[in-house]
Every structure is written in structure tokens, then in C-alpha cells.
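**Q** need coordinates for the below:
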Amino acid sequence: MARPCRSSSSAAARLLLLLAAVAAALQAAAATPPVASGFIRKSCRATQYPSVCEQSLAAYGGSPPPRSPRELARAALAVSADRARAASAYVGRLCGSRSGSGDGSPRRGAGAGAKKGSAAAGPVRDCLENLADSVGHLRDAAQEIGGAGMARAGTRAFRWHLSNVQTWCSAALTDENTCLDGLSSRAVDAATRAAVRGRVVEVAQVTSNALALVNKVGPGY
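**A** Below is the predicted model of the structure:
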């Protein structure tokens with residue numbers, strides 16, 4: 001009578017070990033960062049922050065993956081818009097619940113409830129507004145580069161639409177750098193400055209990379 005019990009216990013133990021091995025393998029796979037394709041790696045060499053470029057675009061969830069300079073630039077703009085939106089939401093939380101929204105745009109009355117000396121005062125509130133503008137510019141750029149007017153490279157319409165994309169992306173980068181410049185003010189305490197700067201520097205890097213990739217869109221690329 002004892003023999004079947006030992007067999008059953010052994011089978012259960014083997015099953016538990018198998019499940020543990022599968023769980024460990026899945027966890028390891030989830031922890032492994034995605035690998036950039038050869039096309040992404042080659043394209044990212046033209047950017048100022050190639051490692052950031054590779055990592056951000058390898059993790060991009062678009063399907064199918066980018067296979068042309070235009071598709072890659074659009075993906076980079078989408079990544080930049082997402083990062084800017086997340087940074088804006090973070091800064092909005094520092095400014096108080098009434099100063100920022102989840103989509104990156106400042107809520108009506110932003111800063112009205114901020115008390116003097118709080119994180120929402122002065123430069124940080126200005127930074128929130130800059131980030132909201134940046135999100136809007138990047139969204140416009142991503143939409144423009146994906147539009148029908150970009151279908152035929154080399155045409156006058158193509159050049160006009162591409163110029164719009166470059167202008168909006170440059171404006172977004174200017175907004176982000178303006179935010180960083182404002183954080184040097186003594187009105188911002190060191191802890192808040194470090195927290196906000198870390199987020200905005202990341203956004204500025206991916207936006208700079210996106211602009212470099214946008215500049216590679218067109219005849220000859």
C-alpha cells in the first residue's frame with residue numbers, strides 16, 4: 001500500500017520542479033532586454049545617443065517592426081511622445097493633483113493651488129508647461145510623418161510635410177531644454193531638481209535621437 005503513495009509523491013515532486021523551472025525561465029526571459037535589429041543599430045549610429053536609441057527602439061511595441069527610415073523616425077517620435085507624457089505626469093504629481101493630467105497636458109488652473117515654496121512654484125511649474133507643449137509637438141510630428149503627404153519622397157509636398165515634422169520635433173527639444181535650464185534656479189530644492197532633471201534628460205535624449213532619424217528621411221536614405 002505504501003508503494004503507490006511514494007510513486008504519487010515522487011510524481012508530484014517532479015511536477016513541482018518542472019513548474020519551478022518553467023517559471024524561472026519565463027522570469028529570465030522577461031528580464032532580458034529586447035535586442036535591436038541590425039537596421040535599428042545601423043540607423044542609431046547617426047544619433048547623438050546611440051545606446052539610448054537602440055534600447056528605446058528595440059523596446060518599441062509597434063508591429064510590424066520599422067523597416068525603413070520613415071517608419072523608424074515615426075517610431076522614434078512615438079517613443080519620445082510617450083516618454084514626454086510620462087515625464088509630464090511625474091512633474092504634474094510633484095506640482096500637486098491639480099497641476100497635471102495623465103496625458104501630459106496641464107489642467108485648468110495649474111499652479112493656482114500651489115503654495116509659495118512648494119515644488120509647484122516657479123521653474124517646476126514652468127517645466128510642466130514646457131513638457132505639455134513638447135508632448136503636443138511630438139504628437140503632431142508623429143502624425144505628420146505618418147500621413148499620406150509623405151508617400152512620395154522627393155516631391156514638393158513631401159518636403160513640406162518633412163519640414164513640418166522637423167520643426168515640431170525641434171520645438172519639442174527646445175521645450176525640454178528650456179525646462180532643464182529653468183531647473184538651475186535656486187528656487188528649486190536639490191531633491192526636486194534631481195528628480196525632475198533625471199526624467200527630462202531622458203526625454204531630451206530620445207527627442208534628440210528622433211530628430212536625427214527624422215533628418216535621415218528622404219531621397220538617398
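
**Q** heading C-terminal from the lowest-mean-pLDDT helix or strand in the chain, find the next helix or strand.
**A** Of all helical and strand segments in the chain, the minimum by mean pLDDT, DSSP states H and E falls on helix 2-31, at a mean of 54. Downstream of helix 2-31, the next assigned helix or strand under DSSP states H and E is helix 38-44.

**Q** can I get the CA coordinates of that following helix in CSV?
**A** The C-alpha coordinates for helix 38-44 follow below in CSV (Å, rounded to 0.1, in the frame of the first residue of the first chain):
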residue,chain,number,x,y,z
GLY,A,38,20.6,45.3,-37.4
PHE,A,39,18.6,48.1,-39.2
ILE,A,40,18.0,49.8,-35.9
ARG,A,41,21.6,49.5,-34.7
LYS,A,42,22.9,50.9,-38.0
SER,A,43,20.4,53.8,-38.0
CYS,A,44,21.1,54.7,-34.4
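
**Q** now it: buried residues?
**A** Of the residues in helix 38-44, those buried under the neighbour-count criterion (16 or more other Cβ atoms under 10 Å) are 39-40, 43-44. Where you see a C-beta, it was placed from the backbone N, CA and C, and this is true even at glycine.

**Q** check stretch 54-74 too.
**A** Under the neighbour-count criterion of 16+ other Cβ under 10 Å, stretch 54-74 has 54-58, 60, 65-66, 69-74 buried.

**Q** stretch 181-188 now?
**A** By neighbour count, and taking 16+ other Cβ under 10 Å as the criterion, the buried residues in stretch 181-188 are 182-183, 188.

**Q** quick one: low-confidence parts of this structure?
**A** Residues of the chain that meet the criterion pLDDT under 70 lie in 1-36, 61-63, 97-121, 219-221.

**Q** which parts of it belong to which domain?
**A** 1-32, 36-214 (automatic domain parsing).

**Q** most tightly packed of these?
**A** For the domains of the chain, average neighbour numbers computed from mean count of other Cβ atoms under 10 Å are highest in domain 36-214, which has a mean of 19.

**Q** helices or strands up against the helix or strand harbouring residue 135?
**A** Of the helices and strands defined by DSSP H and E, residue 135 is found in helix 123-145. Under the contact criterion of 3 or more Cβ pairs under 8 Å, 6 or more residues apart in numbering; DSSP states H and E, helix 123-145 touches helix 69-95, helix 156-182, helix 190-214.

**Q** okay, angle between that helix and helix 190-214 too, please.
**A** 20 degrees (axes from the mean of the first three to the mean of the last three Cα atoms, to 10 degrees).
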